[in-house]
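>>> Here's my sequence, what's the structure:
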Amino acid sequence: QEQLVESGGGLVQPGGSLRLSCECSGFLFSRSTMSWYRQAPGKERELVARINAEGGDITYADSVKGRFTISRDNNKDTLSLQMSSLKAEDTAVYYCHAGEPMGRFGTLEYWGRGTQVTVTS
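This is a model prediction of the structure:
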C-alpha cells in the first residue's frame, strides 16, 4: 500500500519559515519523480516544485523561486520542502506527489493527504 505522509505545516507570520516533510512507503521512492503541489481555497491545485529521481533536475514555480528549496533523501524515502520568506499568498494545503515509472506501462501517481500552511500576521 503506497503511503505519502506530509508533516510540518502550521501557522507562521509573513517572512517566516517552515519545513515540510513527506515520508513515503510502499513504492520505489528512489526511482520516482517527487513533487510538492498546493491548493489554496477557491483555486486549482498547482505545482510548487518537482525533483527527479536522482535529485539533479529541479523545477520551481515562478512564485516560489529563490524562497523554497525542494530536496530528497533516497536513503530515508523522504521528500522535503524548505520554505522561507513566506507570504500570505503561500497559504494553502500542500500535497506530496509521486510519479513512479512503470516502463512501457506508463507512470503511477500517488498523493498524500496534505498539510495546511497558513501565513498570517
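>>> Can you classify the most centrally placed residue in the chain by secondary structure?
In the chain, the residue lying closest to the centroid (C-alpha atoms, centre = their mean) is Trp36, at 2.2 Å. Following DSSP: H, G, I helix; E, B strand; the rest coil, the label given to Trp36 is strand.
>>> tell me which element the closest residue to it other than its chain neighbours is part of?
Of all residues not flanking Trp36 in the chain, Val48 sits nearest, at 4.3 Å (C-beta to C-beta, 6 or more residues apart in numbering). C-beta: built from backbone N, CA, C; applies to glycine. Assessed by DSSP states H and E, Val48 sits inside strand 46-51.
>>> quick one: average confidence on stretch 106-114?
For stretch 106-114, mean pLDDT is 96.
>>> list the buried ones in that stretch?
Using 16 or more other C-beta atoms under 10 Å as the test for burial, stretch 106-114 gives Tyr110, Gly112, Gly114.
>>> Output these in TSV; the columns should cover secondary structure.
TSV is the format used below for the buried residues of stretch 106-114 (three-state DSSP):
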residue	secondary structure
Tyr110	strand
Gly112	coil
Gly114	coil
